[in-house]
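K.L.:
here is a sequence together with a model predicted from it:
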Amino acid sequence: MSNIYIGYHFTVEPKELGSEILIAELGETAFESFTETETGISAFVQKDLWDETILENIQILQSEEFNIEYTFEEIDQVNWNEEWEKNFEAIDVEGNCHVRAPFHPKTDAEFDILIEPKMSFGTGHHETTHMMIQHLLETEVSGMKTLDMGCGTAILAILAEMKGAQPIDAIDIDNWCYLNSIENAERNNCEHITVYEGDASLLKDKKYDLIIANINRNILLNDMQSYTDCLNPKGTLLLSGFYEQDIPFIDASCTEKGLTYVKKFERNNWVSLKYVN
């Protein structure tokens, strides 16, 4: 295989949701690595596997809901560690939780989470992941049977185990996220996380004390019944991946299923909600 890559640089608006969808679609093609940028993402494919039709079936590029522009270039000998180091900054959540890549120094934070970011989102930089970490930091989860739905890099599952939750199921529909979550759980010496590749259909006959779902509005609304069916009495549901203006839809769905609203976090118009059963 050649060490020559084709790099695509995408400007995405709105950035967070658009980038997540774009990566999911590009991941079904020959693209093998992604990095987050200030305006969107960069995606890389080996030149030997590239052809001019590679973006032909990327549906989000045709969507009226997103404005996506891109340039591309030929790149010699990509140094992936250098790419990740340039684009992923360690993040500190309230001084208690530090999410970092292997090239970042360890701090004295109580919860030190080591993530190999590569091409998956959920590295803690996103407002939604940050807020879900906030919820977990102030929630007593010891001994809780937990679900991390749409786990990405498994940051939230890892933090839940560090705080005493067990057993934990982590589920993602994306194969790369599934594999990366297994790696990251091992990297953080987790012993109580089981990772599955799939969607809400895997939840049949499951029961949890804590459900964490950081996905997007449409999937949350579509799968909310599955979540509530799985939630034990007095169980906790943490939700994120949507905007302030989406709250009425999410709240109506939760309320009609018997859940009680507890708390909201908001960062740059992104929100995270807590409900109890």
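P.N.:
Received it, and whenever you're ready, just let me know what you need. Numbers count the residues shown, from 1 in each chain.

K.L.:
low-confidence stretches in the stretch 101-250 of the chain?
P.N.:
Scanning the stretch 101-250 of the chain with the threshold set as pLDDT under 70 gives 117-125.

K.L.:
again, only this time at 50
P.N.:
Residues of the stretch 101-250 of the chain meeting the criterion pLDDT under 50: 120, 122-124.

K.L.:
so this protein: which segments form each domain?
P.N.:
According to the TED database, the chain comprises the domains 5-77, 130-276.

K.L.:
identify the residues contacting residue 223.
P.N.:
149, 199-200, 213 (CB atoms under 8 Å, 6 or more residues apart in numbering). Placement of C-beta: from N, CA and C, glycine included.

K.L.:
next: residue 19.
P.N.:
Contact analysis of residue 19 by CB under 8 Å, 6+ apart lists 10, 12, 36, 40-41, 121.

K.L.:
change it to 6 Å
P.N.:
12, 40-41 (CB atoms under 6 Å, 6 or more residues apart in numbering).

K.L.:
can you confirm it is in a helix?
P.N.:
Yes. Checked against DSSP: H, G, I helix; E, B strand; the rest coil, residue 19 lies within a helix.

K.L.:
which pLDDT value belongs to it?
P.N.:
On the pLDDT scale, residue 19 is placed at 90.

K.L.:
residue 84 now?
P.N.:
Predicted confidence (pLDDT) for residue 84: 59.

K.L.:
centre of the chain to the longest strand along the chain, how far?
P.N.:
Using DSSP state E to define each element, the chain has its longest strand at strand 231-243. In terms of CA atoms, centre = their mean, to the nearest Å, the centre of strand 231-243 is set 16 Å apart from its chain centre.

K.L.:
hey, C-alpha coordinates of it in CSV?
P.N.:
The C-alpha trace of strand 231-243 is given here as CSV (Å, rounded to 0.1, in the frame of the first residue of the first chain):
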residue,chain,number,x,y,z
LEU,A,231,-35.3,2.0,32.6
ASN,A,232,-35.9,0.6,36.1
PRO,A,233,-38.2,2.3,38.6
LYS,A,234,-36.4,5.4,40.0
GLY,A,235,-33.8,5.0,37.2
THR,A,236,-32.0,8.0,35.6
LEU,A,237,-32.0,9.0,32.0
LEU,A,238,-29.3,11.5,30.7
LEU,A,239,-29.9,12.9,27.2
SER,A,240,-27.9,15.2,24.9
GLY,A,241,-27.1,15.8,21.3
PHE,A,242,-29.7,18.5,20.5
TYR,A,243,-30.3,22.2,20.7
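
K.L.:
show me what it pairs with in its sheet, parallel or antiparallel.
P.N.:
Paired neighbours of strand 231-243 in the sheet (DSSP bridges): strand 208-214 (parallel), strand 270-276 (antiparallel).

K.L.:
ok, of the contacts of residue 223, which one's closest to residue 237?
P.N.:
Nearest to residue 237 among those: residue 213, at 7.3 Å, using CB to CB.

K.L.:
please look at that closest one and residue 239 and confirm they touch.
P.N.:
Yes. Contact criterion CB atoms under 6 Å: residue 213 and residue 239 qualify, at 5.5 Å.

K.L.:
more neighbours: which of these two?
P.N.:
A direct count of neighbours by other CB atoms under 10 Å for residue 213 and residue 239 places residue 239 higher, at 29 against 25.

K.L.:
roughly how far apart are that one and residue 150?
P.N.:
Distance, residue 239 to residue 150, by CB to CB, to the nearest Å: 11 Å.

K.L.:
quick revisit: include secondary structure when you put the contacts of residue 223 into CSV, please.
P.N.:
CSV is the format used below for those (three-state DSSP):
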residue, secondary structure
149, strand
199, coil
200, helix
213, strand
